[in-house]
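Q: kindly generate the corresponding structure for this input.
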Amino acid sequence: MTDLAAQPPSRNLQKRALKPVVFVLCLLPLAWLGFRAATNDLGFNPIETIVRDLGDWALRFLIIGLAVTPVRRFTGLNAVGRLRRMLGLFAFFYVTLHLVAFIGLDQQFDFAAVWREILKRKFITIGMLAFVILLPLAITSTDGMVRRLGGRAWRRLHRGVYLAGVLGVIHYFMMVKAGLQQPTIYAVILAALLLARLMPAKA
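A: Numbers count the residues shown, from 1 in each chain. Have a look, this model is predicted:
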């Protein structure tokens, strides 16, 4: 409380506005997809567009969330660290929407067909594994769960987000039939973030 009071009013306003502004920005991809759906601008295969677009944003938010700690460590921008949990939850939000769109729109809630697809198509198997890894991370994202698990156990559990990111990139590589440029970019960024964890922080 004392630190906040000692800061200029403009600085306090910026800190308080940071999360709400980022929250709205995180919803813009979904709003844009909804607008495109409402204006029949989803191309010749609207269902595939929806499923893939949600999957793209799920992976993007996952990588953005993983970038928070390295950015904070190497730049000293501690305010960015306050966004890590929210960005992680938005990643899970878009992953869930991606899965729901696949089950509901693509498979028409035919769960037997969904199960067959999971077993038959390896990229779907890997995608489901990534979702299973992210699920307990989302459930344990609250302060209460941190206290219940203990900081060390909680951090150990949440390191699984890196494995989920790797699986997400593999899922993307296996899904695309041509044009590997975009998944390659994600793979390079993710590799850089993993390497950044091994480097010493800014003095």
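Q: how much space separates Asn45 from Asp106?
A: 10 Å (C-beta to C-beta, to the nearest Å). (Glycine included, C-beta is placed from N, CA and C.)
Q: whoops, I mixed them up, Arg52
A: 10 Å.
Q: and Met86, what is it in contact with?
A: Lys19, Val22, Phe23, Cys26 (C-beta atoms under 8 Å, 6 or more residues apart in numbering).
Q: tell me which element the second one is part of?
A: Which is Val22. helix 9-38 (DSSP states H and E).
Q: and that helix, which residues are buried?
A: Buried positions in helix 9-38, judged by neighbour count with 16 or more other C-beta atoms under 10 Å: Val22, Cys26, Pro29, Leu30, Leu33, Arg36.
Q: for stretch 119-133, same thing?
A: Result for stretch 119-133 [16+ other C-beta under 10 Å]: buried residues Ile124, Ile126, Gly127, Met128, Leu129, Ala130, Phe131, Ile133.
Q: in helices, which of the residues you listed fall?
A: Ile124, Ile126, Gly127, Met128, Leu129, Ala130, Phe131, Ile133 (DSSP state H).
Q: least trustworthy helix or strand in the chain by mean pLDDT?
A: Least confident helix or strand of the chain, by mean pLDDT, DSSP states H and E, is helix 2-6 with a mean of 49.
Q: below-threshold pLDDT in this structure: ranges please.
A: Scanning the chain with the threshold set as pLDDT under 70 gives 1-15, 200-203.
Q: can we see that at 90?
A: Filtered on pLDDT under 90, the chain yields the residue ranges 1-19, 69-83, 142-143, 146, 149-152, 155, 159, 176-180, 194-203.
Q: helices along that one, start to end?
A: Going by DSSP H, the chain shows helices at 2-6, 9-38, 46-75, 84-101, 111-120, 122-139, 143-149, 151-158, 160-175, 181-196.
Q: quick one: contacts of the last one?
A: Contact partners of helix 181-196, identified using C-beta under 8 Å, 6+ apart, comprise 59-60, 63, 66-67, 70, 73-74, 162, 165-166, 168-169, 172-173, 176.
Q: buried subset of the residues you listed, written for ChimeraX?
A: Selecting only the buried entries of the contacts of helix 181-196 in ChimeraX, with 16+ other C-beta under 10 Å as the criterion:
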select :59,60,63,66,67,70,73,162,165,166,168,169,172,173
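Q: out of Asn45 and Asp106, which sits in the busier spot?
A: More crowded of Asn45 and Asp106, by other C-beta atoms under 10 Å: Asp106, with 15 against 10.
Q: gap between the more buried one and Ala153?
A: Asp106 is 37 Å from Ala153, where distance means C-beta to C-beta.
Q: Leu180 against Val169, yeah?
A: No - applying C-beta atoms under 8 Å, one finds Leu180 not in contact with Val169, separated by 11.1 Å.
Q: out of the ones in helices among the buried residues of stretch 119-133, who's nearest Glu117?
A: Ile124 (5.4 Å; C-beta to C-beta).
Q: I'd assumed Ile118 was in contact with that closest one.
A: Yes - Ile124 is in contact with Ile118 according to C-beta under 8 Å; the separation is 5.3 Å.
Q: ok, now how distant is the residue nearest to Leu62 when sequence neighbours are not counted from Arg155?
A: In this structure, Leu62 finds its nearest non-sequential neighbour in Ala91, 4.1 Å apart by C-beta to C-beta, 6 or more residues apart in numbering. Ala91 sits 18 Å away from Arg155, going by C-beta to C-beta.
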